[in-house]
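Participant: Build me a model from this:
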Amino acid sequence: MSWETVIGLEIHVQLNTNSKIFSGASTAFGADANTHTCVVDLGFPGALPVLNRAVVEKALKLGLALNATINRKNVFDRKNYFYPDLPKAYQISQLAYPIIEFGQLDIVVGENVKTINVTRAHMEEDAGKSIHDAVPNATGIDLNRTGTPLLEVVSEPEMRSAAEAVAYAKALHSLVTWLDICDGNMAEGSFRVDANVSVRPVGQEEFGTRCEIKNLNSFRFLEQAINYEIERQIELIEDGGKVIQETRLFNPDTGETRAMRSKEDAHDYRYFPDPDLMPIIISDEMLNQAKAEMPELPKQMAGRFIEEYGITDYDARVLTATRIQAAFFEQTAKESGAGKLSANWINGELAAALNKNGLSLEESPISSTRMAGLVKKIADGTLSGKLAKKAFEAMWESDLSAEEIIARDGLQQVTDTGAIEKMVEEVLSANAKTVEEYRSGKEKAFNALVGQVMKASRGKANPQQVQEILKAKLG
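Facilitator: Sure thing, here's the model as predicted:
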């Protein structure tokens, strides 16, 4: 039997506010356990929550970026469940009136672009954290994270492979960091993914029973967990078993998922409006302010890069993956005056060097200004492609500019026609047999002659001029 996979993602985006969603406690990461909390977070009697306005402002920006419906009336609800790291025994969230609904996000898988519908995004507070390895034979509870503001972004179940799910998660991660509403640090839990996975026979409209894989904090783990879960469910059904709706955890050491608990539905949480929080009405003024503060979005910027700098769709998508990368490219392109060449070197040689050395673009030893200097020397013919690579390697290891490297190492390309003609004549005289082979119709002999001239010039002769002069001399 052929099977189809159905995947929907719920992604918790931690908003980068200084204080929590309903209290003034700090959201800073890494503090000693239970030092960044207060009576509001802990639900002490008489301690009332007060909404942090910055949470709403950041949520509005995501709604605008997703081209979503922004609900002007927002109600907070209590989601009731008992867990050791939830001190109030309920979580303040949104059910009936979320701030964002019906958005869209484009993803790219290979050469294919697909639009994924975003069902909703709602504001809520985070729970605390259970620590299983700090106290012998016991579990410790750290409530520093309790009350940290989240946007839970829920997609439609429209992804059909782990690759599509990863592409969606990466696209949302890129967007929230681009908007500067989340730092995107997955290792610290700022961007966590829950994957709902089910399978069904190809052609069947009804969804299969889904399992939710919780708290995936890397794109690699997301892909591994989904692929394992797909295989597990198919094997289970084909062996005559049934998939049980449940929450599962992924073990990165074994590459397997395991059952955590049976999966609850909304009614199991006994939602009801929080009586301590009044409905939030988003005014025209607040919405207009959010619109005014919106940066140029990746899709818009990619279109502008294509038009202004003559780069390809692919290059534009890569270069607008992050705001830092986009700014690096634009600065390089403006200073060098060579947009396409800048894109080639940033996406090619620079990206390869950063990857090889395990560095991010922010850590690059070559700045955009130094990169522009190199590109400029290639564009004006001072450096050939081969010499440019030598100059790049030297720049990577020093603080010198391309111009200083060229002067120090004598890398300037030979473009003097007379000098090249002399080298060509010497090569033709020394390689009479190869010349005869070329004239008898062997095209490879021409490349051999070009190679001999480049060798004679120590790689410095302009390759195009070499070919033109050779052809003229050979008749």
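Participant: In the protein, which helix is the longest?
Facilitator: When every helix of the chain is counted residue by residue (DSSP state H), the longest turns out to be helix 219-238.
Participant: Tell me the buried residues in it?
Facilitator: Of all the residues in helix 219-238, those buried under the rule 16 or more other CB atoms under 10 Å are 219, 221-230, 232-234, 237. Glycine gets a C-beta too; all of them are placed from N, C-alpha and C.
Participant: Please identify which two of the residues you listed are farthest apart in space.
Facilitator: Largest separation among these by CB to CB: Phe219 and Ile237, giving 27.6 Å.
Participant: so who does Trp190 touch?
Facilitator: Slight slip there: residue 190 is Ser, not Trp. For Ser190, the contact set (CB atoms under 8 Å, 6 or more residues apart in numbering) comprises Val13, Gln14, Asn16, Cys182, Asp183, Gly184.
Participant: in the stretch 351-475 of the chain, which spans are helices?
Facilitator: Secondary structure of the stretch 351-475 of the chain by DSSP state H, counting those that start in this stretch: the helices cover 351-356, 368-379, 385-396, 402-409, 417-430, 432-439, 444-456, 463-474.
Participant: Nearest to Trp345, out of those?
Facilitator: Among these, the nearest to Trp345 by CB to CB is helix 368-379 (5.9 Å).
Participant: Do me a favour and average the pLDDT over the closest one.
Facilitator: Predicted confidence along helix 368-379 averages 95 (mean pLDDT).
Participant: By residue count, what's the longest strand in this structure?
Facilitator: strand 112-125 (DSSP state E).
Participant: so what secondary structure elements neighbour that one?
Facilitator: The contact analysis (3 or more CB pairs under 8 Å, 6 or more residues apart in numbering; DSSP states H and E) places strand 112-125 against helix 53-65, strand 90-93, strand 100-109, strand 149-155, helix 162-178.
Participant: Looking at those, which one is packed in the most?
Facilitator: strand 149-155 (a mean of 23; mean count of other CB atoms under 10 Å).
Participant: relative to strand 112-125, how tilted is that one?
Facilitator: 140 degrees (axes from the mean of the first three to the mean of the last three CA atoms, to 10 degrees).
Participant: Return the list of strands paired to strand 149-155, each annotated with direction.
Facilitator: strand 3-14 (antiparallel), strand 112-125 (antiparallel) (DSSP bridges).
Participant: For those, state which one has the densest average packing.
Facilitator: It is strand 3-14: most buried of those by mean count of other CB under 10 Å, with a mean of 20.
Participant: Could I get the buried residue list for the helix or strand following that strand?
Facilitator: Downstream of strand 3-14, the first helix or strand assigned by DSSP states H and E is helix 39-42. Across helix 39-42, burial judged by 16+ other CB under 10 Å covers Val40, Asp41, Leu42.
Participant: Of these, which is the nearest to Lys291?
Facilitator: Out of the buried residues of helix 39-42, the member with the shortest distance to Lys291 (by CB to CB) is Val40, at 31.5 Å.
Participant: coming back round to it: Ala134: which of the strands paired with strand 149-155 is closest?
Facilitator: Using CB to CB, the strands paired with strand 149-155 put strand 3-14 closest to Ala134, at 22.3 Å.
Participant: Roughly how far does Ala445 sit from Leu297?
Facilitator: Using CB to CB, to the nearest Å, Ala445 is found at 54 Å from Leu297.
Participant: Give me the more crowded residue out of those two.
Facilitator: Between Ala445 and Leu297, counted using other CB atoms under 10 Å, the more crowded position is Ala445 (19 against 16).
Participant: mind checking how far that one is from Ile131?
Facilitator: Applying CB to CB to Ala445 and Ile131 gives a distance of 73 Å.
Participant: And for Leu95?
Facilitator: 30 Å.
Participant: who's more crowded, these two?
Facilitator: Neighbours were tallied for Leu95 and for Ile131 using other CB under 10 Å; the higher tally belongs to Leu95 (18 against 14).
Participant: Hmm, that one is touching Asp77, no?
Facilitator: Yes - counting by CB atoms under 8 Å, Leu95 touches Asp77, with 4.5 Å between them.
Participant: and the spatially closest residue to Gly43 that is not a sequence neighbour, how many neighbours does it have?
Facilitator: Spatial nearest neighbour of Gly43, chain neighbours left out: Lys88 (3.3 Å); criterion: CB to CB, 6 or more residues apart in numbering. Counted by other CB under 10 Å, the residues lying close to Lys88 total 19.
Participant: now Asp265
Facilitator: 7.
Participant: coming back round to it: on contacts alone, who are the packing partners of the longest helix of the chain?
Facilitator: Going by 3+ CB pairs under 8 Å, 6+ apart, helix 219-238 lies up against strand 3-14, helix 162-178, strand 191-201, strand 211-216, strand 246-251, strand 256-262.
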